[in-house]
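>>> quick one: sequence plus predicted model below, questions after.
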Amino acid sequence: MLNRFIPTAILSAAIAPAMAADATYTKDVLPIFKDRCIECHGPDSPDLHTFEADEKKFTKDKTGPRMNSYGEMIYFIGWPDAGAIMRRLDDGKSAKDGKPGNMYRQLGSNEAERQKNLAVFKAWVGEGAWFLNRWNARGDVPAVTKEQLDKLQLKY
Ligand code: HEC
């Protein structure tokens, strides 16, 4: 039991401190976005509100809402779509039901790449700020708190 966890613990310890301090959008997140997300969330995609007005049609066309700039991506972290990046990219380890978000698989073509890119997103969002809560409570999941929001880093 214990053995299974040691390699990951060592790995995260090696990666986390180096990255947590200085992960930025331009240096770390943008290259992943360009490589793995822009195809469906790039300049030709509708803005969030246009997307929401016709969500079924866009989803059928494999077109997600636009996240093509720092500002547009923050929409999906803080407000109005609080926690969306975290819910969708999580590998299941932060989720109650243990299920990965449906965009986790987009993070890489193999598990090692997905984990590496997830660690970058987590470091950028901020230690302790990887919340899956929404702006408003839903079901038995409480709304995001000011304490959680205070931990957001999101350096440009
Ligand atoms: C092959 C196309 C495709 C790729 C590549 C892709 N996505 Fe998506 N994404 C979609 C579609 C379509 C939706 C809307 C349907 C849904 O909610 O699942 C979506 C939804 C989302 C949402 C939820 C938006 C909301 O309305 O709250 C987030 C967050 C997201 N994607 C992040 C990402 C990130 C980050 C990447 C890159 C690691 C990525 N996606 C890669 C197609 C894609």
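Perfect, I can see it now.

>>> mind listing the strands for the protein?
Taking DSSP state E, the chain contains no strands at all.

>>> so where is it shaky, pLDDT-wise?
Counting by pLDDT under 70, the ranges of the chain that qualify are 1-21.

>>> how about the helices in it?
Using DSSP state H, the helices of the chain run over 2-20, 30-36, 38-41, 48-53, 55-60, 70-74, 84-89, 111-125, 146-150.

>>> out of the ones you listed, deepest packed?
helix 84-89 (a mean of 21; mean count of other Cβ atoms under 10 Å). Bear in mind the C-beta positions are built from the backbone N, C-alpha and C, glycine included.

>>> gap between the closest residue in space to Ala84 that isn't next to it in sequence and Asp90?
Here the nearest residue to Ala84 in space, its sequence neighbours aside, is Phe76; by Cβ to Cβ, 6 or more residues apart in numbering that works out to 4.1 Å. Using Cβ to Cβ, to the nearest Å, Phe76 is found at 13 Å from Asp90.

>>> over to Thr50?
Distance from Thr50 to Asp90, by Cβ to Cβ: 26 Å.

>>> before we move on, the earlier item: Lys96 is nearest to which of the helices of the chain?
helix 84-89 (11.3 Å; Cβ to Cβ).

>>> how about residues contacting the closest one?
Residues external to helix 84-89 that are found in contact with it (Cβ atoms under 8 Å, 6 or more residues apart in numbering): 73, 76-77, 94-95, 101-104, 107, 118, 121, 125, 130-132.

>>> same question for stretch 105-117.
Around stretch 105-117, the neighbours that count as contacts under Cβ under 8 Å, 6+ apart are Ile32, Arg36, Cys37, Leu89, Asp91, Tyr104, Leu118, Phe121.

>>> now, among those residues, which is nearest to the ligand?
Among the contacts of stretch 105-117, Cys37 lies closest to the ligand (Cβ to the nearest ligand atom), at 2.8 Å.

>>> the closest one and Pro65 touch, don't they?
No: when contacts are counted by Cβ atoms under 8 Å, Cys37 is not listed as touching Pro65 (11.1 Å).

>>> number of nearby residues for the residue nearest to Gln153 when sequence neighbours are not counted?
Computed as Cβ to Cβ, 6+ apart, the closest residue to Gln153 that is not its neighbour in sequence is Gly126, at 3.5 Å. Gly126: 18 surrounding residues under other Cβ atoms under 10 Å.
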